[in-house]
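Peer 1: Starting from these lines, generate the structure:
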Amino acid sequence: MDKKFHQVFWASALLAVALVVMAIIVVNGFVQVRGAQDTISVTGSAKEPVESDISVWSFSVNIRGNSLQAVYSDLRTAIPKVDAFLATQGIPAEEIITSAINAGSNIYFDEDQQGRRTQHVTYFANYSYRITSADVDRLERVSRNAGNLIAQGVAIDSVSLEYMYTKLADLRNSLLERATEDAKKRAEAIASSSGAKIGAVKSARMGVFQITPRYSTMVDDYGINDTSSRLKDVTAVVGAEFRLK
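Peer 2: Numbering: from 1, shown residues only. The predicted structure follows:
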C-alpha cells in the first residue's frame, strides 16, 4: 500500500512540475510573440523640386589630317578663334579650364581583292575646353551659338550640358524631417485600423537621396545624382520603426 502511495505521489508531483514548466513556456512564448508585435516599421519620403545652380559645358577642337605638322598647325589656328568666340559671348577666363594639346597618329590597314594589305596612317590633334558657370542661362545660350565656330571652319565635338545643384546640404535636414513625419503619418494610419496608437520612435534609418529629372520615377538602391536636367526633384527616404501603445 505504501509503495503504491509513493508511486502515485511521485507521479503526481512530476505531472505538476511538467504543467508548471509548460505554463512557463507558453507564457514566455506569448510574451515573445506579443513583444514582436508591439512595433511597426514603415517608410516615409519627402520630395523637393529644385533648379540647378551650376552648369558645365565640355567640348574639344579636333583636327584630322595626313601629317602631324599639318594638323598641329590647323589646331594652332583654330584655338584663337575659339578663345575669341568665348570672350565675345561673355565667358570669363576664370570659368574656363583647358587641356594640353594632344596629338598623335592612328594606323589602319585595308586589303584588296588579291589579299594585299596596305598600311595607312592618319594624324590627329585636339584641345579640350571645360566651362563651369553659375550663369546657367548664359552657358545654355553660348552652347547653342557654337555653330558660329563651324561657320569659321572650326569643327568641335561637344557634349550636352551638365546641370548640378550645389545646395543639397542646406536642404538635407528639412527633407529628412519631412520624410520622418511622413513615416509617422503612415504608421498612424496603419495602427488606427487595428485600434492601436503610435508611441515613440524605436529606430530610424536614413535612405539614399535621389536627385532625378523633374517628374521622373527613377530610383536606385545606391541613389541617383542626375546631371542631365536643369529642373530636378530631390527625394529623401527614411525607414522608421515605432512602438505601439
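
Peer 1: use CA for all of it now, contacts and neighbours both
Peer 2: Noted.

Peer 1: Show the subsequent helix or strand relative to the lowest-mean-pLDDT helix or strand in the chain.
Peer 2: Lowest by mean pLDDT, DSSP states H and E among the helices and strands of the chain is helix 2-37, with a mean of 44. Moving toward the C-terminus from helix 2-37, the next helix or strand (DSSP states H and E) is strand 39-51.

Peer 1: List the strands paired with that following strand, with their directions.
Peer 2: Using DSSP bridges, strand 39-51 pairs in its sheet with strand 231-244 (antiparallel).

Peer 1: Using CSV, write out every CA atom in the strand it pairs with.
Peer 2: Presented in CSV, the C-alpha positions along strand 231-244 are these (Å, rounded to 0.1, in the frame of the first residue of the first chain):
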residue,chain,number,x,y,z
LEU,A,231,15.0,71.1,-63.3
LYS,A,232,15.2,68.3,-60.7
ASP,A,233,13.4,66.6,-57.8
VAL,A,234,15.4,65.8,-54.7
THR,A,235,13.8,62.9,-52.7
ALA,A,236,14.7,61.7,-49.2
VAL,A,237,13.6,58.4,-47.8
VAL,A,238,13.5,57.4,-44.1
GLY,A,239,12.8,53.9,-42.7
ALA,A,240,11.4,54.2,-39.2
GLU,A,241,10.2,51.7,-36.5
PHE,A,242,7.6,52.9,-34.0
ARG,A,243,6.4,51.4,-30.7
LEU,A,244,2.7,50.7,-30.4
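
Peer 1: Can you tell me what sits against the strand ranked longest in the chain?
Peer 2: Scanning the chain for the strand with the most residues, using DSSP state E, yields strand 117-133. Around strand 117-133, the neighbours that count as contacts under Cα atoms under 8 Å, 6 or more residues apart in numbering are 54-68, 71-72, 75, 79, 95-111, 139.

Peer 1: Report the distance from that strand to the chain centre.
Peer 2: Computed by Cα atoms, centre = their mean, to the nearest Å, the chain-centroid distance of strand 117-133 equals 32 Å.
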